[in-house]
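Novice: Need the 3D shape of this:
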Amino acid sequence: MTRQAYEDVESRSPVKGAVPPAWIHTPVGAPTARGEQTRQRVVQAAEDLFRNASSYENIGVADIARASKTSVGTIYRYFASKDDLLHLVLSNSFWRMYTASRGTWRLDDSAAVNLERTTRAYLEAYWRERSFLRLARRLASTSDSVRATWWSMNKELRERMRSRLVQDQLAAGVPSLDSELMIRCLLGMVDDYAARAFVDEEYGPASRRDIPRVAAMLAQVWFRAVWAAPSDDRRGAPWD
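Specialist: Purely as a prediction, here's the structure:
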C-alpha cells in the first residue's frame, strides 16, 4: 500500500478527538458543575455495582444512591429510571470496546504485525468489559434499547474494518471477496472466541494470560483469509 493510500484510510478513524456516534446514550447534563460531579458519581457507583453484581435485578435505585452517597430523589433528577442509567453504563462500555483498537495500525509495521496488535487490543478490551458484555448479552434478548445499541456498535465497527480491508486488498492487488460478508465472518470469529472464553468461560475460568497467544493465532487466520498467504516474514508487508 502506498503511504498516501494508508493515510487516506487512517484519516477516517482518528484516535484523538473522536466524536461519539449517535448510538451512544447521552443523557442531558447537569445544569451546574457541582450537579455534574454528582451525576458522574452516580454513574460511577452504578458502573461498579453492575460490574460486580451477580444479577442486575438485585440492584435497586436505593443501592445506587447508597453507593454514590446521594438520595433516590437525586438519582431521579438526572435519570428517568434504573434502566436509563443501565443503558448509559452499557453504552459507555460499548464505546470503550469500539475505540479499543483505534490507533493500533502503524505505517512502519507490516499488515501481519498490525493485525496482531489490533486483535490483541480488542481482546484486552473484551476482557476488561466482560462483566458488562455478559450483562448486555443477557439483556439483549429482552431489551430493545440494549440490543439496538449493541448492534449499532458492531455495525460501525464492521464498516470501519471493511473499509480498511477493501483499501488494503486493492493496494495489494489481491482478488477480493464480498467485503461485507468477509468482515462479518472474521469479526465473528474474534467475537465468538472472546465471548466463549471471557463471558461464558467455556474453556475454564477466564484468564487474560492467553490473550497474546490467541491474538497471534486469530491474526494469522485473519491474514491468511484476506491475503491468502502465510505471514512467516513478519517484516514484510503484502503491499511491498
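
Novice: distance of T74 from R41?
Specialist: 10 Å (C-beta to C-beta, to the nearest Å). Yep, even glycine has a C-beta here, placed from its N, CA and C like the rest.

Novice: for R158, that is, sorry about that
Specialist: 35 Å.

Novice: L218 now?
Specialist: 39 Å.

Novice: who's more crowded, the two?
Specialist: L218 (21 against 15; other C-beta atoms under 10 Å).

Novice: In terms of helices and strands, where is that one?
Specialist: Secondary structure assignment for L218, by DSSP states H and E: helix 211-227.

Novice: repeat for W95
Specialist: Using DSSP H and E, W95 falls in helix 82-99.

Novice: Next, the angle from the longest helix seen in the chain to helix 82-99.
Specialist: Taking DSSP state H as the criterion, the chain has its longest helix at helix 144-172. On the basis of axes from the mean of the first three to the mean of the last three C-alpha atoms, to 10 degrees, helix 144-172 is oriented at 10 degrees to helix 82-99.

Novice: average pLDDT for helix 144-172?
Specialist: Averaged over helix 144-172, pLDDT sits at 81.

Novice: swap in stretch 181-190?
Specialist: The pLDDT scores in stretch 181-190 average 89.

Novice: what does stretch 78-93 give?
Specialist: 89.

Novice: What lies in contact with that stretch?
Specialist: 23-25, 27, 30, 35, 38-39, 42-43, 46-47, 50, 56, 59-61, 64, 75, 129, 132-133, 135-136, 139, 143, 145-146, 149 (C-beta atoms under 8 Å, 6 or more residues apart in numbering).

Novice: List the residues that contact the residue nearest the centre of the chain.
Specialist: Closest to where the C-alpha atoms of the chain average out (C-alpha atoms, centre = their mean) is M97, at 1.9 Å. By C-beta under 8 Å, 6+ apart, the contact set of M97 is 122, 125-126, 129, 133, 153.

Novice: Just these: which are in helices?
Specialist: Members of the contacts of M97 lying in helices (criterion: DSSP H): 122, 125-126, 133, 153.

Novice: out of these, which are buried?
Specialist: Burial by neighbour count, 16 or more other C-beta atoms under 10 Å: within these this picks out 122, 125-126, 133, 153.

Novice: would CSV of these with distance to V166 be doable?
Specialist: Below are these laid out as CSV (distance: C-beta to C-beta, whole Å):
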residue, distance to V166
Y122, 20
A125, 24
Y126, 25
L133, 28
M153, 21
